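Asker: Any chance you could fold what I've pasted below:
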Amino acid sequence: AAIGAAFGLKEAGDGAHVISFSGDGGFVMNAQEMAVAKRYNLPVRFCIINNAFLGMVRQWQELFHDNRFSHTDLADLNPDFVLLGSAYGIPGRRASTPAEAQAAIEWAFTVDGPSLIEFVVPKEEMVFPMVPAGASTGDMITSRYRYD
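Answerer: Below you'll find the model as predicted:
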């Protein structure tokens, strides 16, 4: 979607940047799209939230399956995302602290064409809000402590 938006903005002559947010697992499934961004020099900022897990699946396993984690740990499987971007000719930065994150974000918008930032976060980090399976949006969960 980010690449499509970048093509649309480029054709409109807008010159705007597009930001793509993805978890580490999701990014690996679509990493080859960096080739398109590079070939057409699209101003896409690839932002990877790396908790070394299939984060959403891990979150469901924690919240609804009594912490029975299965086949979600990517710690020994993830590539070096900055190096992967470099292999496609896309410059990247890694950020593990708020200060590093701020510097990386500012840097990313100075790059002509695509850039990549890997944000390393704790494995326990979750994404909210979320709607449990079979529930309505009225049953939306906004934190891991919804039962407290």
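
Asker: remind me which residues of this structure are low pLDDT?
Answerer: Residue ranges of the chain with pLDDT under 70: 53-55, 70-74, 145-148.

Asker: repeat that with 90
Answerer: 9-17, 23-26, 28-29, 51-78, 122-135, 139-148 (pLDDT under 90).

Asker: what number of residues lie near residue 98?
Answerer: Counted by other CB atoms under 10 Å, the residues lying close to residue 98 total 8. Heads up, the C-betas are built off the backbone N, CA and C, glycines and all.

Asker: what does residue 91 give?
Answerer: Residue neighbour count, defined by other CB under 10 Å, stands at 14 for residue 91.

Asker: repeat for residue 56
Answerer: 15.

Asker: quick one: contacts for it?
Answerer: Taking CB atoms under 8 Å, 6 or more residues apart in numbering, we find residue 56 in contact with 23, 127.

Asker: Kindly export the one helix or strand it maps to (C-alpha atoms) in CSV.
Answerer: For residue 56, the host element (DSSP states H and E) is helix 55-64. Extracted C-alpha coordinates of helix 55-64, given in CSV (Å, rounded to 0.1, in the frame of the first residue of the first chain):
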residue,chain,number,x,y,z
GLY,A,55,4.0,-10.0,17.5
MET,A,56,0.3,-10.3,16.9
VAL,A,57,0.2,-14.1,17.2
ARG,A,58,2.3,-13.8,20.3
GLN,A,59,-0.1,-11.2,21.7
TRP,A,60,-3.1,-13.6,21.1
GLN,A,61,-1.2,-16.4,22.7
GLU,A,62,-0.5,-14.3,25.8
LEU,A,63,-4.0,-12.8,26.1
PHE,A,64,-6.2,-15.7,25.1
